[in-house]
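S.K.: sequence first, then the predicted structure, then my questions.
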Amino acid sequence: MAKQPASKKSPAKSGAKKPAAKKQADATAAQDDPDFVLHSLQEEFDANKRFDADTDQMMEFYRQMLLIRRFEEKAGQLYGLGLIGGFCHLYIGQEAVAIGLQSALDGDKDSVITGYRDHGHMLAYGIDPKVIMAELTGREAGISKGKGGSMHMFSTEHKFYGGHGIVGAQVALGGGLALAHQYNEDGGLCLAYFGDGAANQGQVYETFNMAALWNLPIVFVVEDNQYAMGTATKRSSAETRFHRRGTAFRIPGMDVNGMDVLEVRAAAEVAFKHVRDGKGPVLMELNTYRYRGHSMSDPAKYRTREEVQDQRDHHDPIERLKKTLIETGKTEEELKAIDKEIRKIVAESADFAENSPEPAPEELYTDVLVEEY
C-alpha cells in the first residue's frame with residue numbers, strides 16, 4: 001500500500017509535555033512533512049556569519065586559541081624528547097573549531113565527546129593545562145591518573161567523555177549521551193566531534209538514524225581537516241561535502257569555515273538553538289586544516305610544504321583574529337604580552353608534568369570496572 005501524503009501539522013505548543021503516542025505521531029508527521037527544509041539552518045547562518053563579539057570576548061578567544069597552539073607545540077617537543085609515549089595527535093591549526101563551538105556551550109548541562117585528537121577540546125573547556133600535560137606524560141597527577149595518555153582524556157566533572165582511540169566510536173557514544181540528556185530532561189545537549197576519516201564509518205550513520213528518529217539533542221561535528229590519516233577526502237569519499245551526509249536522515253546540515261573563530265561561534269549559536277528548541281539533531285561540517293601530520297609519527301608526505309605554508313600564511317585562525325583585534329585598537333605589544341603569559345603557563349605545565357611521579361603499580365587495577373552507578 002502506498003504512503004498517503006501527510007497533512008500539514010500545526011505548530012506545537014511549548015511548555016506541556018506530550019504523551020508517548022502524541023510524540024510518535026509528531027515524529028511520523030515530521031518524517032512525511034513536505035515542507036521540511038534541510039538547508040534552513042544554512043540560510044539562517046548565511047544571513048549573519050559573524051558572531052558579534054565585543055573586544056573582551058575576542059581577547060578571550062585569542063587567548064584560548066593561543067593556549068592550545070603553544071600547548072601543542074610544547075607537547076610536540078616533549079614527544080621528541082621521549083617524555084610522551086604512544087601516539088600523539090596535535091591540534092595545531094584547528095583551534096578555532098573547539099573554541100568557537102565550546103564557548104557557546106552551557107558548562108553545567110552540556111556534554112562533549114571526541115576522538116583521539118583531544119587535547120585542544122579539553123583546554124577549550126578551561127581545564128588546567130598542568131593536569132592535561134601530566135596525562136600526556138603518563139603521570140599520576142594527570143586527569144586520567146596517567147593511564148589514558150594523549151588519546152584518552154576524560155573528565156566527568158566537566159562532562160567531557162573522551163578522547164577515544166577507536167575511529168568513529170565516539171559518535172555512537174555521543175548518541176547515548178544525548179539520549180541520557182533527553183531521558184533525564186536536564187536541558188543539555190551533546191556535542192559529538194569526529195573527523196573526515198571517521199565520516200565513512202557505518203556506526204556514524206546508525207547513530208544519525210537513531211538520533212533523528214528519537215529527536216535527540218545532539219550536534220554532530222565533522223572536523224574536516226582534509227586528509228584523515230593520510231588520504232585526501234576526494235580520494236576516499238564520494239561525497240566530500242560532509243554537511244550533506246545527514247540528508248537521508250532529515251538532519252539539517254551546516255557548512256562552516258573552521259578557520260574563523262567568529263564564524264564558528266555564529267554557526268554554534270544557530271545550531272545549538274535549533275537543538276535546544278527540541279527540533280532534533282544538527283550536522284555541522286567545520287572545514288579546517290591541521291598543520292602537522294596525522295600524529296607525531298606521520299611525516300605527511302602526501303601533501304606539499306607549499307600547501308601547508310599557504311594555509312599558515314592566508315588562513316591561520318589565530319592570525320585572522322589578531323588582525324581583527326588590531327583593527328579594533330589593540331596593539332602588537334598587548335598581544336605579545338598575552339603570548340608571553342601563555343608561554344609561561346605552558347612551560348609551568350611541562351615542568352609540573354616532568355616533576356610529577358608516575359602512577360603506583362597498584363593503580364593498574366583501579367577504574368577497570370564500574371562498581372556502582
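M.R.: Cool, got the structure. Numbering: from 1, shown residues only.
S.K.: tell me where this protein has helices.
M.R.: Assigned by DSSP state H, the helices in the chain fall at 20-32, 40-46, 55-80, 95-102, 119-124, 129-136, 169-184, 202-213, 233-236, 261-276, 305-315, 317-327, 332-354.
S.K.: for the spatially most central residue of the chain, give its distance to Arg303.
M.R.: When the chain is reduced to its mean C-alpha position, the nearest residue by Cα atoms, centre = their mean turns out to be Tyr193, at 4.3 Å. According to Cβ to Cβ, to the nearest Å, Tyr193 stands 22 Å off from Arg303. Bear in mind the C-beta positions are built from the backbone N, C-alpha and C, glycine included.
S.K.: equivalent analysis for Lys340, please.
M.R.: 33 Å.
S.K.: then Lys145?
M.R.: In terms of Cβ to Cβ, Lys145 sits 37 Å off from Arg303.
S.K.: of those two, who's got more company?
M.R.: The residue with more neighbours, out of Lys145 and Arg303 and counting by other Cβ atoms under 10 Å, is Lys145; that gives 19 against 15.
S.K.: wait, the more buried one touches Asp367, no?
M.R.: Yes: the pair Lys145 / Asp367 is scored as a contact, 7.3 Å apart, by Cβ atoms under 8 Å.
S.K.: so Gln201 touches Gly168, yeah?
M.R.: Yes: under the contact definition of Cβ under 8 Å, Gln201 touches Gly168, with a separation of 3.3 Å.
S.K.: which one's more surrounded, those two?
M.R.: Gly168 (20 against 17).
S.K.: surely that one meets Glu206?
M.R.: No: Gly168 is beyond contact range of Glu206, at 10.3 Å (criterion: Cβ under 8 Å).
S.K.: now for these two: what residues contact both?
M.R.: Residues touching both Gly168 and Glu206 by Cβ atoms under 8 Å, 6 or more residues apart in numbering: none at all.
S.K.: low-confidence ranges, the chain, go.
M.R.: Of all residues in the chain, those with pLDDT under 70 make up the ranges 1-36, 372-373.
S.K.: and the residue nearest to Gly280 when sequence neighbours are not counted, how far from Ile251?
M.R.: Across the structure, with Cβ to Cβ, 6 or more residues apart in numbering as the measure, the residue nearest Gly280 apart from its sequence neighbours is Asn215 (4.5 Å). Per Cβ to Cβ, Asn215 is found 11 Å from Ile251.
S.K.: and if you look at Gly165?
M.R.: Distance, Gly165 to Ile251, using Cβ to Cβ: 26 Å.
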